[in-house]
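Novice: Fold the following and give me the result.
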Amino acid sequence: MESVRATNPTQIASMRVAEVVGAEGALSGASGVRTRGHLAGARAPAPDVTTKTGTAQRSRPGCPLPAVVVNPSNVKDLAKLQIQITGVCAELGWAPPLWLETTVEDPGGGQARVALASGADVVLACGGDGTIRHVARVLAGSGTALGLVPSGTGNLLARNLSIGLNDPAGATRIALSGKNRAVDVGRVFIDDRAEEQVFMVMAGVGFDAAVMAGAPHESKSRFGSLAYFVSGVRALRGPRASITLAVDGRIVPPHHVRTVVVGNCGKLLAGLVLMPAAKVDDGLLDVVSIGPRNIFGWLAVTARVLTRRCRGHRIVQHWQGRTVIISAESPQLAQLDGDPVGEVQGLRMQVDPGALLVRV
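Specialist: Residues are numbered from 1 along each chain as shown. Down below sits the predicted model:
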């Protein structure tokens, strides 16, 4: 069955979500995708399945179709959120949203494929940076825009794009009526694994990844961003590692560091900026290596971050480039947009300029 995007609001190919999942299963592994129809009391009939050349009417003929990929584990009141988003859709003249919930087995990619195959005109990602990363991986290069409804702990991509937090209705309005901004996507291969991954915010090895691994979902749900602080304190005394970098083919000799972070954007929590020169649409990846030996070194690192200085310190070093290779002498913990990916010895990264449209 052919996958299509809605380019004509009045005439689209459509299919039931269950049929889409079955048709796309071999590609996306989306057999575990959970879907919800419209709200109780306002439920519209599912569109008839047609051939790939046929047509079907939306519940509101002529209205653009939004899809919502939501991580239910990040939302306290899922029914309330659905009411809010559906209300904004009706207010702005959009069809009731296609509602797609992530699962542990499929954290967003399969749902994004279902959204594209169903002809969604925009796909809203409701979750944290990890959920957004999985959705963005599918939408990158598709021409279909991503809308952000941040509901995670860090929400760093939303912060870097100045999209408000704790306001689902406001974020939905931006997703449905904002302008498209073409942003870069970081593409990465881990060790000798064949599957390409992406990141929208930052990828890191060492201390950075240890902090993420030490703040599991249960801790973040209970303590919020404080979970990262507690995990960071625990990880401060970890060992340094021998790392070799190559930035645009320029090799940086092996040096001992606590962490190397590659960023598509530079803003952290609490207004801190790790990479002052980073821009989400500059066609470059920013790299920072941090190599303190002791607590006094960490104080120097903190001072550099607070003053946003990029040059002139042996403990904190910065580079920019289109390709980055990280090689570790021994296995190191790694993370992509806050998602731990286990121990690795090599990351091969490159920027894909302007590959993803985001509503801002």
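Novice: Got the confidence number for the spatially closest residue to A112 that is not a sequence neighbour?
Specialist: Setting aside the residues directly before and after it, A112 is nearest to V138 in space (CB to CB, 6 or more residues apart in numbering), at 3.7 Å. The C-beta positions use only the backbone N, C-alpha and C, and glycine is treated the same way. Here the pLDDT value assigned to V138 is 98.
Novice: Burial check on V138, number of neighbours?
Specialist: V138 has 23 neighbours, counted by other CB atoms under 10 Å.
Novice: how much space between the residue nearest to M212 when sequence neighbours are not counted and A117?
Specialist: Nearest residue to M212, sequence neighbours excluded (CB to CB, 6+ apart): Q335, at 4.4 Å. Separation of Q335 from A117 (CB to CB, to the nearest Å) stands at 30 Å.
Novice: quick one: which helix or strand includes the one residue sitting closest to the centre of the chain?
Specialist: Among the residues of the chain, the one closest to the centroid is R133, at 2.4 Å (CA atoms, centre = their mean). Using DSSP states H and E, R133 sits within helix 129-139.
Novice: helices or strands up against that helix?
Specialist: With contacts taken as 3 or more CB pairs under 8 Å, 6 or more residues apart in numbering; DSSP states H and E, helix 129-139 sits against helix 109-117, strand 122-127, strand 145-150, helix 156-160, strand 197-199, strand 339-359.
Novice: report the angle between the axes of that helix and strand 339-359?
Specialist: Between helix 129-139 and strand 339-359, the angle comes out at 60 degrees (axes from the mean of the first three to the mean of the last three CA atoms, to 10 degrees).
Novice: Dump helix 129-139 to PDB, restricted to CA.
Specialist: Output in PDB follows, covering the C-alpha atoms of helix 129-139 (Å, rounded to 0.1, in the frame of the first residue of the first chain):
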ATOM      1  CA  ASP A 129      13.300  15.300  23.600                       C
ATOM      2  CA  GLY A 130      13.500  11.500  23.300                       C
ATOM      3  CA  THR A 131      10.000  11.200  21.800                       C
ATOM      4  CA  ILE A 132      10.700  14.200  19.500                       C
ATOM      5  CA  ARG A 133      13.900  12.500  18.300                       C
ATOM      6  CA  HIS A 134      12.100   9.400  17.200                       C
ATOM      7  CA  VAL A 135       9.400  11.400  15.400                       C
ATOM      8  CA  ALA A 136      11.900  13.700  13.800                       C
ATOM      9  CA  ARG A 137      13.900  10.800  12.400                       C
ATOM     10  CA  VAL A 138      10.900   9.800  10.300                       C
ATOM     11  CA  LEU A 139       9.700  13.300   9.300                       C
END
